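Peer 1: Sequence first, then the predicted structure:
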Amino acid sequence: MNAGMRKVGILCTKDLVDMLKNPSMLCCLLFPIGFSVLFRFLTADMRAEALTLAASDAARQQVVDTISTLLLASSLCMAIGMIVSMAVVYGIAEEKEKHTLRTLMLSNVSATQIALSRALVTLGVVLVVSIVCYLVLAGGDFGLLPAYLALGLLGAVPLVLVSLVLGLAARDQMTAGLYSMPIVLVALAPVFGMQNEAIEGVVQLAPTGGMFSLFELAVSGELFTAQALAPLAIIVAWTVGGAVVFSMLYKKLAQDN
């Protein structure tokens, strides 16, 4: 048990270093932060004008909650989509193309340990980038930070599981580019859904859709109510489904290469 955990720890260090040394991956880590900085400035005037026009304190609070939900949840969706698709799908495909994955598996490292390391590093990076995005957008208001991070991890886990399978299925980095697009689109689906009520009803069924709905409840102070059960069930269903697909396919996909 201890030897296995030491191997996972070493693999985590390797994966993190590889991620930070890769310019493409580093850009994907910085993109959600840049998005947060840009939209913080772009919406500053809109926020000030809306607060000025609001007729009451309740209306002003509603304006603040609406803008906060849009910006914070959108940055969280973007962080999950960009980081998971690049760190997992591209990362594994790159290791396969360079035969690093084969070398590791021939060095008494199991596929489970490799997958666990990649998942842990990806979730850790999502967490760090999400913290930076939150600090940029929310400033000194730390009230929603715990819920923001917890919901971000909940929304990222099912996409990480699916991405692990797609990364193993990708023959090379070019194929990984094609396979990563659905991950990005699913992650960003709730942002597009806000523009249309018909689309919104569909994208709520995505894992990040459930996360988006839960964050809206957190902003309004209703996270721990019965309304949270449906979006939470969506995330759990995606997580269980992703785990089942991964457990069924990862050994075969790894051995085929």
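Peer 2: Yep, it's here. Numbering: from 1, shown residues only.
Peer 1: where do the helices sit along the stretch 1-150 of the chain?
Peer 2: All helices of the stretch 1-150 of the chain, identified by DSSP state H, counting those that start in this stretch, fall at 2-21, 23-42, 44-53, 57-84, 91-97, 100-106, 111-138, 145-169.
Peer 1: Now mean neighbour count and mean pLDDT too, for those, in TSV please.
Peer 2: Quick note: C-beta positions are derived from backbone N, CA and C, even for glycine. As requested, these are exported to TSV (neighbours: other C-beta atoms under 10 Å; pLDDT from 0 to 100):
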stretch	mean neighbour count	mean pLDDT
helix 2-21	14	85
helix 23-42	16	87
helix 44-53	12	63
helix 57-84	20	79
helix 91-97	22	82
helix 100-106	15	73
helix 111-138	20	90
helix 145-169	23	91
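Peer 1: could these be laid out in TSV, adding distance to Val245?
Peer 2: Formatted as TSV, the helices of the stretch 1-150 of the chain follow (distance: least, C-beta to C-beta, whole Å):
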stretch	distance to Val245
helix 2-21	22
helix 23-42	24
helix 44-53	42
helix 57-84	15
helix 91-97	15
helix 100-106	19
helix 111-138	13
helix 145-169	6
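Peer 1: Of all those helices, which one comes closest to Phe212?
Peer 2: Nearest to Phe212 among those is helix 57-84 (5.1 Å), distances taken as C-beta to C-beta.
Peer 1: if we can go back for a sec, out of the helices of the stretch 1-150 of the chain, which comes closest to Val202?
Peer 2: helix 57-84 (15.4 Å).
Peer 1: related to what we said a few turns ago, to Val191, which of the helices of the stretch 1-150 of the chain lies closest?
Peer 2: Nearest of these (C-beta to C-beta): helix 57-84, 4.8 Å.
Peer 1: Pro190 is nearest to which of the helices of the stretch 1-150 of the chain?
Peer 2: Proximity to Pro190 (C-beta to C-beta) singles out helix 57-84 among the helices of the stretch 1-150 of the chain, at 5.9 Å.
Peer 1: Quick check on Glu222: phi, psi?
Peer 2: Main-chain dihedrals, Glu222, degrees, to the nearest 10: phi -120, psi 20.
Peer 1: Correct me if wrong: it contacts Phe215.
Peer 2: No: under the criterion of C-beta atoms under 8 Å, Glu222 makes no contact with Phe215, lying 11.2 Å away.
Peer 1: neighbour-wise, which of those two wins?
Peer 2: Legend: neighbour count by other C-beta atoms under 10 Å for Glu222 and Phe215, higher for Phe215 (26 against 13).
Peer 1: nearest to Gly177, of the helices of the stretch 1-150 of the chain?
Peer 2: Nearest to Gly177, of all the helices of the stretch 1-150 of the chain, is helix 91-97, at 8.7 Å by C-beta to C-beta.
Peer 1: just checking, what packs against the closest one?
Peer 2: Packing partners of helix 91-97 (3 or more C-beta pairs under 8 Å, 6 or more residues apart in numbering; DSSP states H and E): helix 2-21, helix 100-106, helix 145-169, helix 173-193.
Peer 1: now these as JSON lines including distance to Trp238?
Peer 2: What follows is those, written out as JSON lines (distance: least, C-beta to C-beta, whole Å):
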{"stretch": "helix 2-21", "distance to Trp238": "24"}
{"stretch": "helix 100-106", "distance to Trp238": "26"}
{"stretch": "helix 145-169", "distance to Trp238": "4"}
{"stretch": "helix 173-193", "distance to Trp238": "9"}
